[in-house]
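Predicted model and sequence below, questions to follow.
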Amino acid sequence: MMSDNQPVETGTQHGFERYPAVMFCAGLFYLAVFAAILPHGGLAETVSAQLTASRIMPGLLFALWALIICEAVYGYLKAEDKPRNAVFRLLLVGFIPPMRIVILPRRKNTHIWLPILGWLRTGKAAIADMELRTAMPMVFMTALIIPVIAADILTGPDMHDTLMEEMDTVTRYDVSDSGIRLFMMDENERVIAALSRTDRSTREGIDGNWTVLGRPDGAETTVLSFGLNGVANFRTACAVTGGTFAYGHGALGFNNFDKVETCPPGYLEFVIWFLTALIWFSFALEFIVLVSLAEKKVVYCKKNWINLVIILLPFLAFLRSLQLFRFLRMARAGKLMRAYRLRGLFRRALKFVVFFNLIDRVMARNPEEYNAHLHEKIAEKEAELIKLKSKLMR
């Protein structure tokens, strides 16, 4: 009798295995490229932004996506379980190209193909076996978040990005009697930034170039410029951010700020980018393989929601680029829910979610602690079951 994890196609079928191997590599390469350009935040942001701006990586993603979709359509036409199940696999691979790593559009989801392991039968036994195989590698990959968090804490926030976020809260301004000093304040009259005219000239209005005062010793000089056409930009060394502004009767508001130039990444930024991309890639690959082995995929996603959150958070951080939150802005100040802040929130949340996931994985390697952890979960579920039975009786 053949076991669940025994290859189902051997002998004369070796020639056919080249086909899933090629598409496995295509899906894996797509996932790797996607991990490289996702906005993981922090020190990794500069490298990701430059890769995205190069247009080579997005073009490569599009080409791989087109290849996967064409192969998925061909697989659908060759599938024996059309239309319902075959359509589901077609849509799954078409909308989530990395799923092509293990999902074959023309085969029923009773087996998946993996290098070395060959064809594996799906089901709970296969999931348990795969979790055992990937346990230690995933603990190591998850532990890489520790140097990433440490680097973010030790380097501190980028002054340019910090000022960019602070300017989003500005609602008022005040100019000194001499016209040399400018104070930008929020709605609570808290001074966000004090500025001085670069040319020290005395004149009315706020148009022209202003130097931001009070920056830490050794920090690059930051210059904020107000144009007569309502365009504002500020420059810190090689970083430049542009946007628009509106003012009058003491009110001041900024809108549509975005970086137009970034500083070239340094060695540390490359290292952190590689680590964060590798962590996300590992979580995504593990989740894709395990959810493909699950017979009830929706149930598996619900049970492993924290891993799904880790995979989806970078997408939420990308919402600022898609500008999906612009409809939420208030007409006057235009900053009810600035997506730039949301991106910062999501990227910080991602690191800590990964960190807590590491704790859970490490506990799973310690039988005594994990045993106590499971007993706590059982007690919670039993209490929840009692409540549900009580509601049912009522």
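Ah, there it is.

Name the helix or strand for the residue nearest the centre of the chain, please.
Most central residue of the chain, judged by C-alpha distance to the mean C-alpha position with Cα atoms, centre = their mean, is residue 314 at 1.0 Å. Following DSSP states H and E, one finds residue 314 within helix 305-317.

CA-only coordinates of that helix in PDB, if you can.
The C-alpha atoms that make up helix 305-317 are tabulated as PDB, following Å, rounded to 0.1, in the frame of the first residue of the first chain:
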ATOM      1  CA  TRP A 305      -4.100  33.700  10.400                       C
ATOM      2  CA  ILE A 306      -1.000  35.200  12.000                       C
ATOM      3  CA  ASN A 307       1.200  33.900   9.200                       C
ATOM      4  CA  LEU A 308      -1.300  35.300   6.700                       C
ATOM      5  CA  VAL A 309      -1.100  38.700   8.400                       C
ATOM      6  CA  ILE A 310       2.700  38.600   8.100                       C
ATOM      7  CA  ILE A 311       2.400  38.000   4.400                       C
ATOM      8  CA  LEU A 312      -0.300  40.600   3.800                       C
ATOM      9  CA  LEU A 313       1.100  43.500   5.900                       C
ATOM     10  CA  PRO A 314       3.500  44.700   3.200                       C
ATOM     11  CA  PHE A 315       0.600  44.900   0.800                       C
ATOM     12  CA  LEU A 316      -1.200  47.200   3.200                       C
ATOM     13  CA  ALA A 317       1.900  49.300   3.500                       C
END
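
By mean pLDDT, flag the weakest helix or strand of the protein.
One helix or strand of the chain scores below all others by mean pLDDT, DSSP states H and E: helix 319-322, with a mean of 51.

Tell me the confidence at residue 287?
Reading off the confidence values, residue 287 has pLDDT 92.

An error on my part: the question was meant for residue 278.
Looking at residue 278, the pLDDT reads 93.

Output the contacting helices and strands for whichever strand or helix holds it.
Under the assignment given by DSSP H and E, the secondary-structure element containing residue 278 is helix 267-293. Identification of packing neighbours for helix 267-293 by 3 or more Cβ pairs under 8 Å, 6 or more residues apart in numbering; DSSP states H and E yields helix 18-37, helix 45-53, strand 111-114, helix 124-143, helix 145-155, helix 297-303, helix 305-317. Just so you know, the C-beta spots here come from the backbone N, C-alpha and C atoms, and that holds for glycine as well.

cutoff 6 Å now
helix 18-37, helix 45-53, helix 124-143, helix 145-155, helix 305-317 (3 or more Cβ pairs under 6 Å, 6 or more residues apart in numbering; DSSP states H and E).

nearest to residue 103, of the ones you listed?
Distances from residue 103 to each of these were compared by Cβ to Cβ, and the smallest falls on helix 18-37, at 8.6 Å.

Show residues contacting the closest one.
The contact list for helix 18-37 (Cβ atoms under 6 Å, 6 or more residues apart in numbering) reads 48, 51-52, 57, 60-61, 64, 97-98, 100-101, 113, 277, 280-281, 284.

let's see 8 Å
Here helix 18-37 makes contact (Cβ atoms under 8 Å, 6 or more residues apart in numbering) with 48, 51-52, 57-58, 60-61, 64-65, 67-68, 71, 97-102, 104, 113-115, 277-278, 280-281, 284-285, 288.

Pull out the buried residues from it.
By neighbour count, with 16 or more other Cβ atoms under 10 Å as the criterion, the buried positions of helix 18-37 are 20, 23-24, 26-28, 30-31, 33-37.

same check, this time on stretch 229-238
For stretch 229-238, by 16+ other Cβ under 10 Å, it's 232, 233, 234, 235, 236.

The fourth one falls within a strand, correct?
It stands for residue 235. Yes - the assignment for residue 235 is a strand, going by DSSP: H, G, I helix; E, B strand; the rest coil.

tell me which element the residue nearest to it when sequence neighbours are not counted falls in.
Counting by Cβ to Cβ, 6 or more residues apart in numbering, the nearest residue to residue 235 once its immediate chain neighbours are dropped is residue 223, at 5.2 Å. Assessed by DSSP H and E, residue 223 sits inside strand 222-226.

Parallel or antiparallel, which strands does that strand pair with?
According to DSSP bridges, strand 222-226 forms sheet pairs with strand 208-212 (antiparallel), strand 231-236 (antiparallel).

What strand or helix carries residue 182?
Element membership for residue 182 (DSSP H and E) is strand 181-185.

Which elements pack onto that strand?
Helices and strands touching strand 181-185, as assessed by 3+ Cβ pairs under 8 Å, 6+ apart, comprise strand 172-175, strand 191-197.

Quick one: those strands as a markdown table, columns for mean pLDDT too.
Compiled in a markdown table, the helices and strands packed on strand 181-185 are given as follows (pLDDT from 0 to 100):
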| stretch | mean pLDDT |
| --- | --- |
| strand 172-175 | 90 |
| strand 191-197 | 89 |
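
Which of these sits closest to residue 132?
Sorting the helices and strands packed on strand 181-185 by Cβ to Cβ, the top spot, which is the nearest, belongs to strand 191-197 at 53.6 Å.

Buried members of the contacts of helix 18-37 into PyMOL, please.
To isolate the buried ones among these in PyMOL, judged by 16+ other Cβ under 10 Å, type:
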select buried, resi 48+51+52+57+61+64+65+67+68+71+97+98+99+100+101+102+104+113+114+277+280+281+284+285+288
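
My understanding was that residue 189 contacts residue 172; is that so?
Yes - counting by Cβ atoms under 8 Å, residue 189 sits close enough to residue 172 to count as a contact (7.2 Å).

Neighbour count for the two, which is higher?
residue 172 (20 against 10; other Cβ atoms under 10 Å).

Which strand residues bridge the more buried one?
Each beta-bridge partner of residue 172 is listed here, defined by DSSP bridges: residue 185, residue 251.

ok, it - contacts?
184, 185, 186, 187, 189, 250, 251, 252.
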